[in-house]
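1. Sharing a model that was predicted from the sequence below.
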Amino acid sequence: MSTNRSTQKLQRRALRKKKGASVFQYFLLILGTVVILLPMYLTVVTAFKSPEESARNFFAPPTSLYLDNIISVVNKANFFYYIRNSFVITLFSLLGIILIVPLVSYSLARNLNHIYFKAVYYLFILGAFVPFTILMVPQIKLMSILGMLNNFGLILLYWVYSLSEGTLLTVSFVQSGIPYELEESAYMDGANVFCTYRHIVLPLMRPIISTVVIMDTLWIWNDFQLPLLMLNRSQTMWTLPLFQYNFQSKYTVAYNQAFAAFLLSMVPMLIFYIVCQKQIIGGLTAGAVKG
C-alpha cells in the first residue's frame, strides 16, 4: 500500500511539473507572438490613419481607409526608384552568391584532407565570428581607394560576406548528404569534375542552396549598415532602408507617412514568402537537418 501511494504521489508530481512546463511554454509562445505582431499591427494601422486620428489614439484601428499617406510616399518621395535600387542590388547579389558559394563549398568539402583547403575553410568560418565594427573602417577605406563606393562595390561585398555562413552550411551538407560514390561512378563513366558537379552534385545541393538564398535575401533586402557606409554619398544610390532612414529625418513630423513607407517596403518580402512558401519551409528544414 505504501509503495502504491508513493508511486501515485510521484505520478501526480510529475503531472503537475508537466502541466507547469506546458503553461510556461504557451506563455512564451503568446509573449513572442505579441512581440512580433504588435509592431506589424502598429505599422498597418498608422499607415492608414490621418495624423489627426493618430494624435487622438495611436493604438486604435483606423475608422476609415486613409490612403493619402501611401499616395504621398509614392508620388513625392520617388519610392519606386529606391525599390528598383534595392531590387537590382538584391538580385545581382543573389546571382553571384548562387554561383560562387556552391562552387567554393564543393571544392572545399571534397578536399578538406589537404592542408591548403582546410586553411581556406577555417578562414571562411573565422570571418563569421569577426565583428563588423572591426572590419568597417578598413573595408570602407579600401573600397574608397578602389573607387567602389557604389552599387557594384556593395554587391561585391555581399558576395564576400556570404561566403562565411554560406560555406559553413553548404560544406556540411555536401559532406553528410551527398555520397562520394555518386561522383566516383560518374568519373568511371568518363565525366570530368565540372560535368560531375553540374549534372550530379548541384541538383542534389538545391535544398541547402535554397536555405542560403532565403537567408541572404532577407539580409540583403533589409540591410542598413553596408548601404549606409557605401551609398549614402548620393541620394540616387539609396536603397529602401536608407530611404526610410533619411525619410524620417526629412519629414520629422510625418510619422504616418513614415509608417506608410515601412508598410510598402514590407510588401515585396511578403510576396516573396507567399510565392516561395513551400521552398522556404523545405529549404530551411533540409538545411537544419543536413547542416
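-> Arrived safely, thanks for sending.

2. Next, Asn150: phi, psi?
-> Dihedral pair for Asn150: phi -150, psi -170, per degrees, to the nearest 10.

3. Near it, how many other residues are there?
-> 15 (other Cβ atoms under 10 Å). For glycine as for every other residue, the C-beta is placed from the backbone atoms N, C-alpha and C.

4. Without its sequence neighbours, what residue ends up closest to it?
-> Nearest residue to Asn150 in three dimensions, chain neighbours excluded: Met237, at 6.5 Å (Cβ to Cβ, 6 or more residues apart in numbering).

5. Mean confidence (pLDDT) on stretch 172-183, please.
-> Averaging pLDDT along stretch 172-183 gives 85.

6. Kindly export that stretch (C-alpha atoms) in PDB.
-> Taking Å, rounded to 0.1, in the frame of the first residue of the first chain, the C-alpha atoms of stretch 172-183 are listed here in PDB:
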ATOM      1  CA  SER A 172      28.500  20.300 -44.000                       C
ATOM      2  CA  PHE A 173      25.600  19.500 -46.400                       C
ATOM      3  CA  VAL A 174      27.900  18.100 -49.100                       C
ATOM      4  CA  GLN A 175      29.900  16.000 -46.700                       C
ATOM      5  CA  SER A 176      26.900  14.500 -44.900                       C
ATOM      6  CA  GLY A 177      24.200  14.500 -47.600                       C
ATOM      7  CA  ILE A 178      25.900  13.700 -50.900                       C
ATOM      8  CA  PRO A 179      27.700  10.300 -51.100                       C
ATOM      9  CA  TYR A 180      31.100  10.500 -52.900                       C
ATOM     10  CA  GLU A 181      30.200   7.200 -54.600                       C
ATOM     11  CA  LEU A 182      27.900   9.000 -57.000                       C
ATOM     12  CA  GLU A 183      30.800  11.100 -58.200                       C
END
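
7. Any buried residues in that stretch, and which?
-> By 16 or more other Cβ atoms under 10 Å, the buried positions in stretch 172-183 come out as 172-174, 178, 183.

8. Pull the distance from it to the chain's centre.
-> Offset of stretch 172-183 from its chain centre (Cα atoms, centre = their mean, to the nearest Å): 26 Å.

9. Could you list the low-pLDDT ranges of the protein?
-> By pLDDT under 70, the weakly predicted segments of the chain are 1-17, 20-21, 76-77, 247-253, 277-291.

10. Could you break it into its assigned domains?
-> 1-38, 68-290 (automatic domain parsing).

11. how about the ones you listed, which one is nearest Glu52?
-> The closest of those to Glu52 is domain 68-290. By Cβ to Cβ, the value is 9.8 Å.
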